Every structure is written in C-alpha cells, then in structure tokens.
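# Mind looking at a prediction? Sequence and model below.
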Amino acid sequence: MRIATFNINNVNKRLPNLLAWLAAAKPDVVCLQELKAEDRAFPLAEIEAAGYGAVWRGQRTWNGVAILARGATPVITRRALPGDPADDQARYIEAAVNGVLIASIYLPNGNPQPGPKFDYKLAWFERLKAHAAELLAAGVPVVLAGDYNVVPTEADIWPGHHEQANALLQPETRAAYQSLLDQGWTDALRTLQPEGPLWTFWGYLRHRWPNDKGMRLDHFLLSPVVAPKLTRFNVGTVARSQDGASDHAPVWIDIRHSVAPRSAAAPRPSSAARARRRGTGRRP
C-alpha cells in the first residue's frame with residue numbers, strides 16, 4: 001500500500017502537476033495540504049477522472065486538506081482536530097482507507113515568532129498530541145501524514161543555514177514533535193534513512209532548489225501496528241523540478257498491506273459531487 005503526502009500549494013493552480021504525478025507514482029492514498037480552495041472549488045471531477053475518490057475540507061486562502069484514495073472513496077472520520085471548537089482553520093482531516101486510519105495534517109507555520117501565530121502553533125501541537133494519544137490507545141493502524149512545519153533536528157536542514165529565528169526550528173517546536181515520537185509513533189522517513197540529507201521542501205527564494213538548500217517538513221508518523229510493515233520511501237524530486245511545481249516535493253511510503261482490488265474505471269462520484277453538479281453546493 002503506497003501512502004503519499006503532498007503539500008500542493010494551491011490545488012487548482014497546480015492541478016496539471018498533481019495529475020501528472022498521480023499517473024506516474026500511482027499512490028494508493030494521497031494526503032494533500034494547502035489546497036487554497038473553497039470546498040466548492042475543489043477539482044473533484046478531474047481527480048475522479050484520474051481514478052481517485054476524495055474527501056476534503058477546503059479554505060480560500062492558505063489552508064485546506066484532503067485525502068485521495070485510488071479506486072475508492074475514503075470514509076471520513078473527522079473534518080477537524082478536536083480540542084478547540086472555535087478553531088475554523090482547515091488543517092486536519094481524517095479518514096479510513098482499506099482498513100488504515102489516515103490523517104492529512106497541515107500544522108501551523110508559526111512565523112513570526114514570538115507572537116500569537118507561534119502561540120497558536122504550539123497550542124495546535126498540544127491538541128494534536130492529545131488526539132494522537134487517543135488514537136494510539138485504540139490500537140488500530142494509523143498513519144499521521146502531512147506538512148508538520150517542523151524541522152525535527154539540524155540534520156533535517158541544509159548545512160550552514162541562517163534560519164535560527166524560524167518558528168520551524170525553535171526548541172519548543174522540536175520538543176513538541178519529539179514528544180509525539182515519545183508517545184510511541186515512528187518517524188517513517190528517518191527510520192528508513194537515519195543519516196544524511198533528507199529534504200522535502202525547497203523554498204522559491206534565494207535559489208534554494210538549484211542549490212539543494214532544503215528542509216524536511218513533511219512527515220509520516222506510524223502507529224505501532226503499522227511501523228513493522230514499513231518497507232521503503234521516496235521523495236519526488238522529479239515532480240519538484242517541473243515547471244510550476246509546489247515548493248514541496250510529494251513524498252510516499254510503502255507498507256505491506258493488502259488493498260481492495262482496483263477498478264480500471266474512475267470511482268463513482270460521491271453524493272457531494274453529484275449534489276454539487278446539481279447546483280446544491282453541499283460540502284463533502
């Protein structure tokens with residue numbers, strides 16, 4: 001079972017990039033972040049034509065998350081991270097796909113710090129830790145995938161950087177991520193590649209991409225049921241190199257897990273899509 005995460009950085013603007021990558025990599029599940037599209041603007045028809053069902057929570061400006069499943073529609077379990085009913089930012093969605101509970105996460109950036117945005121980041125992290133502990137206690141197979149906006153250690157950023165003031169590298173940010181691991185989650189990428197450069201993000205400015213000055217911001221945390229089944233991973237640098245690419249590369253992991261037989265046809269449109277096409281605009 002191939003599970004991917006991809007901060008697409010505007011799903012409509014970069015839809016050709018996404019569709020080309022789906023055709024090449026053929027992931028079974030994809031967690032998207034930074035849709036930058038309202039619910040009704042999500043490109044469901046094109047994604048279904050590519051053979052994927054989807055659940056999503058859109059937002060117009062900077063946020064928005066989705067989960068795609070090849071030849072199936074994910075069974076949504078949560079559309080928001082619990083713990084703060086007043087938080088309306090679209091940063092978390094959770095669904096079951098082929099017996100695995102999967103979350104797509106877009107953790108707050110937190111810049112500039114110190115300040116209210118950094119406080120929000122840390123508070124959101126605390127809510128994630130509380131929910132993650134409940135998921136672990138349930139003993140089910142879980143994958144928490146997404147853009148965590150955390151550089152876990154100095155090994156996860158290019159040498160000689162001058163990013164010490166960045167919220168992604170602060171001691172509190174790193175401690176929050178480590179405390180997730182301490183609960184019993186496995187960092188999939190560093191498990192398979194314990195040492196050496198491992199970037200998933202290259203900023204647009206200052207020639208970060210051509211100079212390979214990257215960071216590891218996109219992570220998979222695996223529950224104890226899933227972790228022993230991890231076999232390999234890949235960072236989609238080819239997709240990052242394409243014209244109009246996101247500043248994040250798509251990243252995927254493979255786990256030993258049987259999936260339902262795939263149909264050659266695209267999945268049947270969801271009730272939300274059918275409603276939307278009738279003009280009701282109902283959310284998925």
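Right, received. Where do you want to start?

# where in the chain is pLDDT low?
259-284 (pLDDT under 70).

# One more pass at 80, please.
In the predicted model, the chain carries pLDDT under 80 at residues 258-284.

# report the longest helix in it, please.
When the chain is parsed with DSSP state H, its longest helix is helix 116-138.

# So what's the gap between that helix and the chain middle?
16 Å (CA atoms, centre = their mean, to the nearest Å).

# could I get the helix or strand just after that helix in PDB with only the CA atoms?
Moving toward the C-terminus from helix 116-138, the next helix or strand (DSSP states H and E) is strand 142-147. Taking Å, rounded to 0.1, in the frame of the first residue of the first chain, the C-alpha atoms of strand 142-147 are listed here in PDB:
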ATOM      1  CA  VAL A 142      -2.800   4.800  11.900                       C
ATOM      2  CA  VAL A 143      -0.700   7.000   9.700                       C
ATOM      3  CA  LEU A 144      -0.400  10.700  10.500                       C
ATOM      4  CA  ALA A 145       0.900  12.200   7.300                       C
ATOM      5  CA  GLY A 146       1.400  15.800   6.200                       C
ATOM      6  CA  ASP A 147       3.300  19.100   6.400                       C
END
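
# got the angle for the very next helix or strand once past strand 142-147 vs strand 142-147?
On the C-terminal side of strand 142-147, the closest following helix or strand by DSSP H and E is helix 171-183. Interaxial angle, helix 171-183 versus strand 142-147 (axes from the mean of the first three to the mean of the last three CA atoms, to 10 degrees): 160 degrees.

# who does helix 171-183 touch, helix- and strand-wise?
helix 116-138 (3 or more CB pairs under 8 Å, 6 or more residues apart in numbering; DSSP states H and E). Using the backbone N, CA and C atoms, a C-beta is placed for each residue, glycine as well.

# Other residues contacting the helix it packs on?
Here helix 116-138 makes contact (CB atoms under 8 Å, 6 or more residues apart in numbering) with 81-84, 87, 91-92, 101, 105, 107-112, 142, 144, 149, 167, 170, 172-173, 176-177, 179-180, 183-185, 221, 223-224.

# cutoff 6 Å now
81-83, 108, 110, 142, 167, 172, 176, 180, 183-184 (CB atoms under 6 Å, 6 or more residues apart in numbering).

# Return the set of buried residues in it.
In terms of neighbour count (16 or more other CB atoms under 10 Å), helix 116-138 has its buried residues at 118, 120-122, 124-125, 127-129, 131-132, 135-136.

# Likewise for stretch 10-30?
11, 14-15, 17-19, 21-22, 25, 27-30.

# Now tabulate those residues in a markdown table and tack on distance to Gly53 and secondary structure.
Listed next are the buried residues of stretch 10-30 as a markdown table, based on distance: CB to CB, whole Å; DSSP: H, G, I helix; E, B strand; the rest coil:
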| residue | distance to Gly53 | secondary structure |
| --- | --- | --- |
| Val11 | 15 | coil |
| Arg14 | 20 | coil |
| Leu15 | 17 | helix |
| Asn17 | 20 | helix |
| Leu18 | 15 | helix |
| Leu19 | 15 | helix |
| Trp21 | 17 | helix |
| Leu22 | 13 | helix |
| Ala25 | 17 | helix |
| Pro27 | 13 | coil |
| Asp28 | 12 | coil |
| Val29 | 10 | strand |
| Val30 | 11 | strand |
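
# nearest to Pro43, of those?
Leu15 (5.4 Å; CB to CB).

# Correct me if wrong, but Ile3 is in a strand.
Yes: per DSSP: H, G, I helix; E, B strand; the rest coil, Ile3 lies within a strand segment.

# residues in contact with the residue lying closest to it once chain neighbours are set aside?
Excluding its sequence neighbours, the residue lying closest to Ile3 (CB to CB, 6 or more residues apart in numbering) is Val29, at 4.6 Å. When contacts are counted by CB under 6 Å, 6+ apart, Val29 touches 3, 69, 97, 102.

# Of all pairs in the residues you listed, which one is the farthest apart?
Ile3 and Ala69 (10.1 Å).

# so how far is stretch 4-19 off the chain centroid?
With CA atoms, centre = their mean, you get 11 Å for stretch 4-19.

# Regarding it, how distant is the last residue from the first?
Distance between the boundary residues of stretch 4-19 (CA to CA, to the nearest Å) amounts to 14 Å.

# for the spatially most central residue of the chain, which residues make a bridge with it?
What sits nearest the mean C-alpha location of the chain, by CA atoms, centre = their mean, is Gly146, with 2.4 Å. When assigned by DSSP bridges, Gly146 has beta-bridge partners Ile105, His219.

# Great, nothing more from me.
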